[in-house]
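Visitor: have a look; sequence and predicted model below, questions after that.
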Amino acid sequence: MVKFLLDEFEPAQLSNLLGQEVAIAGEGVSRALIVTPEQLIATMEALVTKLGFDYLGDLTSVDRGAEGLEVVYHLYSLTNQREIRVKAKVDAETATVPTVTTIWPGADWFEREVYDLMGISFAGHPNMTRLLLPEDFEGHPLRKSYKLQKRV
Amino acid sequence: MQTQTYELNMGPQHPSTHGVLRIILELDGEVVVKATPVIGYLHRGIEKICEGKTYGQTIPFTDRMDYMHSMNNNLGLCQAVEKLMGLEVPERAEYIRVIMAELSRIASHMIYAGALVNDLGGVTGFVFLIRDRERILELFNKACGARMTFNYIRIGGVQQDVPEGWVEECRRFVDDFPEMMHTYNGLIMGNEIFQARMKDIAILPPDRAVAMAASGGVLRASGVNYDVRKDDPYGIYDRFDFDVPLGTKGDNWDRFIVRMQEMEQSIRIIDQALKQMPEGPVMAKVPKVIKPPVGEVYHHVENSKGDLGYYVVSDGGMKPYRWHARRPAMVNLQLLDELCRGYKIADVVAILGTLDPVLGEVDC
């Protein structure tokens, strides 16, 4: 059975293990590790090297309106059968987090999709261009401020 | 001799791209130097649309993602919402879900194998696979009135019980399957030309497959044992006895053969499920208006392309605040460039076929 990392370790233990002051938010299935964009790479590297999170399950984003944007990572460990949700919070004006393609090269298209639809840039990404929408498309549809047109 | 590379546009309307995929090939003579996939031609903005629908209304949209394996798409989303709400599903519904998901997997793999062999010139193989797939579609048609876009698995169970005589017909299909497999073995796998086109082409090492977040047959062909049904069992999958076929090399041939073996394992699961299936209700007591509590959930299932995940965020209202699908076909398609480099144009068709992209899912 897959273990949820936050069941295995106390928050203080985890912060110690990762070498980062990390916060935990949510309850039950909604729990997540919260990091700042500055902490992101160091936290991810520690998760890979110390806890064996070798597989990038999912990478996506949520627009929380006034609370800013979240980049959400679902990581999985093929060796230890563990999972974890990590969130990097960023405000809508900056909307930039460092890329994780250096850790998992497979993050390439995930990040391009987030950039395309949510308008979050990934600093250091080798090819930060739109993935699904045409290059001359204006706006980022998954932002809550983007309103769908009425059907004509 | 001094040579110059040139660009060739393959698709978006090309018979071998299984939809609307465009590949920009940079070629040195006939050898691929670089293959850049361009996607988005079928992008409908499903994630955005779903934010404006109720939870139940988003299920038909999943049908239109991977339209080859729709049952599992329904299943993943429904289980995600059930996980968030803490809903228990009746036993009989769980069994029907497993049977439908596995039948759907076989149908999807049949199209995969058929299209692949057809692209490589073996039209006869295609015809046999399509003929047998028709029996599965007919079973679906009898259960829910649709052949491809089912909307059958619902939050809390399934839409309706299977009709009278359905179980027996499904049983007949299970019994006839070894004979079908025997035909494919002779007609496709035994074909020397097909083998020559597949073996030792486009090798994907296991560590690279993991790093690129590949999943499904593409990952397992490289020998990495990761199947969500085994590693993170959902529903009642932990009750069934089945193996996870693995490849050894990670070449085209392994990516093909792993999926053929998976069909046999799916039949084993269906066989057990048909034997164990109890009588009873097929729908839990679900409120008329589905309002999951505030929170978020990630749930993944093994679809025929790989690790299909749903991330659903609820703000306590009737509609999802955020609705995201992790689409394995899109993630696997990233590998196209590195797998094609150094091979010929004709191999691009075979490599693309073994990655098994469904553009409805890639573009979403």
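Guide: Nice, I can see it.
Visitor: only C-alpha atoms from now on, for both contacts and neighbour counts.
Guide: Noted.
Visitor: residue contacts, the residue lying closest to residue B:258 once chain neighbours are set aside?
Guide: Counting by CA to CA, 6 or more residues apart in numbering or on different chains, residue B:245 is the residue found nearest to residue B:258 once chain neighbours are left out, at 5.7 Å. When contacts are counted by CA atoms under 8 Å, 6 or more residues apart in numbering or on different chains, residue B:245 is found next to B:220, B:258, B:259, B:261, B:262.
Visitor: the same query, at a cut-off of 10 Å, please.
Guide: B:217, B:220-221, B:223, B:225, B:227, B:254, B:257-265 (CA atoms under 10 Å, 6 or more residues apart in numbering or on different chains).
Visitor: got a list of what the residue in the stretch 51-200 of chain B that chain A sits nearest to touches?
Guide: Proximity of the stretch 51-200 of chain B to chain A (CA to the nearest CA) peaks at residue B:84, 7.2 Å away. For residue B:84, the contacting residues are A:28-30, B:78, B:291-299, B:312-314, by CA under 10 Å, 6+ apart.
Visitor: next: residue B:117.
Guide: For residue B:117, the set of contacting residues under the criterion of CA under 10 Å, 6+ apart consists of B:111, B:123, B:124, B:125, B:126, B:188, B:189, B:194, B:350, B:353.
Visitor: tell me the SS of the last one?
Guide: It refers to residue B:353. For residue B:353, the assignment made with DSSP: H, G, I helix; E, B strand; the rest coil gives helix.
Visitor: same thing with the fifth one?
Guide: The assignment at residue B:126 comes out as helix when based on three-state DSSP.
Visitor: and it, what pLDDT?
Guide: Reported pLDDT at residue B:126 in the predicted model: 88.
Visitor: give the contact list for the nearest residue to it once chain neighbours are set aside.
Guide: Across the structure, with CA to CA, 6+ apart as the measure, the residue nearest residue B:126 apart from its sequence neighbours is residue B:114 (4.1 Å). Each residue near residue B:114 by CA under 10 Å, 6+ apart is listed here: B:108, B:120, B:122-130, B:184, B:188, B:353.
Visitor: how about residue B:213?
Guide: The contact partners of residue B:213, taken as CA under 10 Å, 6+ apart, are A:54-58, A:104-107, B:207, B:219, B:307, B:328, B:331-332, B:334-335.
Visitor: so what's the residue count around the residue in chain B that chain A sits nearest to?
Guide: Distances between chain B and chain A by CA to the nearest CA are smallest at residue B:212, namely 3.6 Å. The local packing count at residue B:212 equals 22, with neighbours defined by other CA atoms under 10 Å in any protein chain shown.
Visitor: buried sites along stretch B:81-93?
Guide: Along stretch B:81-93, these residues count as buried under the neighbour rule (16 or more other CA atoms under 10 Å in any protein chain shown): B:81, B:82, B:83, B:84, B:85, B:87, B:88, B:89, B:90, B:91, B:92, B:93.
Visitor: make a markdown table out of those and add pLDDT, secondary structure and distance to residue B:65.
Guide: As requested, the buried residues of stretch B:81-93 are arranged in a markdown table below (pLDDT from 0 to 100; DSSP: H, G, I helix; E, B strand; the rest coil; distance: CA to CA, whole Å):
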| residue | pLDDT | secondary structure | distance to residue B:65 |
| --- | --- | --- | --- |
| B:81 | 92 | helix | 18 |
| B:82 | 92 | helix | 21 |
| B:83 | 90 | helix | 22 |
| B:84 | 90 | helix | 22 |
| B:85 | 90 | helix | 24 |
| B:87 | 89 | coil | 25 |
| B:88 | 90 | coil | 26 |
| B:89 | 92 | coil | 24 |
| B:90 | 93 | coil | 27 |
| B:91 | 92 | helix | 28 |
| B:92 | 92 | helix | 27 |
| B:93 | 92 | helix | 23 |
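Visitor: widest-spaced pair of the residues you listed?
Guide: The span of the buried residues of stretch B:81-93, defined through CA to CA, is set by B:84 and B:92 at 21.4 Å.
Visitor: what's the neighbour count on residue B:139?
Guide: A total of 21 residues lie near residue B:139 under the criterion other CA under 10 Å.
Visitor: ok, it - contacts?
Guide: The neighbours of residue B:139, taking CA under 10 Å, 6+ apart as the test, are B:100, B:103, B:145, B:146, B:147, B:162, B:166, B:167, B:169, B:170, B:173.
Visitor: tell me which of the residues you listed fall in helices.
Guide: By the criterion of DSSP state H, membership of these in helices covers B:100, B:103, B:166, B:167, B:169, B:170, B:173.
Visitor: highest neighbour count among those?
Guide: Among those, residue B:103 has more neighbours than the rest - 28 neighbours, counting by other CA under 10 Å.
Visitor: contacting residues around that one?
Guide: B:69, B:71-72, B:97, B:109, B:133, B:136-137, B:139-140, B:170, B:173-174, B:263, B:266-267, B:269-270.
Visitor: filter the contacts of residue B:114 down to the buried ones, ChimeraX style.
Guide: Buried members of the contacts of residue B:114, defined by 16+ other CA under 10 Å, are picked up in ChimeraX with:
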select /B:108,120,122,125,126,128,129,130,184,188,353
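Visitor: ok, so of the contacts of residue B:114, who is nearest residue B:19?
Guide: Of all the contacts of residue B:114, residue B:353 has the smallest distance to residue B:19: 11.8 Å, by CA to CA.
Visitor: partners of the residue lying closest to residue B:328 once chain neighbours are set aside in the sheet?
Guide: With CA to CA, 6+ apart as the criterion, residue B:328 has its nearest non-adjacent residue at 5.2 Å, and that residue is residue B:306. According to DSSP bridges, the partner residues bridging residue B:306 are residue B:303.
Visitor: could you pull out the strands for the stretch 51-200 of chain B?
Guide: Read by DSSP state E, counting those that start in this stretch, the stretch 51-200 of chain B holds these strands, from start to end of the chain: B:153-154, B:157-158.
Visitor: tabulate those (CSV), appending mean pLDDT and distance to residue A:17.
Guide: Compiled in CSV, the strands of the stretch 51-200 of chain B are given as follows (pLDDT from 0 to 100; distance: least, CA to CA, whole Å):
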stretch, mean pLDDT, distance to residue A:17
strand B:153-154, 92, 42
strand B:157-158, 90, 42
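Visitor: out of everything not next to it in sequence, what's closest to residue 110?
Guide: Going with chain A. Counting by CA to CA, 6+ apart, the residue nearest residue A:110 is residue A:59, at 5.9 Å.
Visitor: can you look at chain B instead?
Guide: residue B:129 (5.6 Å).
Visitor: I figured the one you found hits residue B:109, correct?
Guide: Yes: with contact defined as CA atoms under 10 Å, residue B:129 reaches residue B:109; the gap is 9.4 Å.
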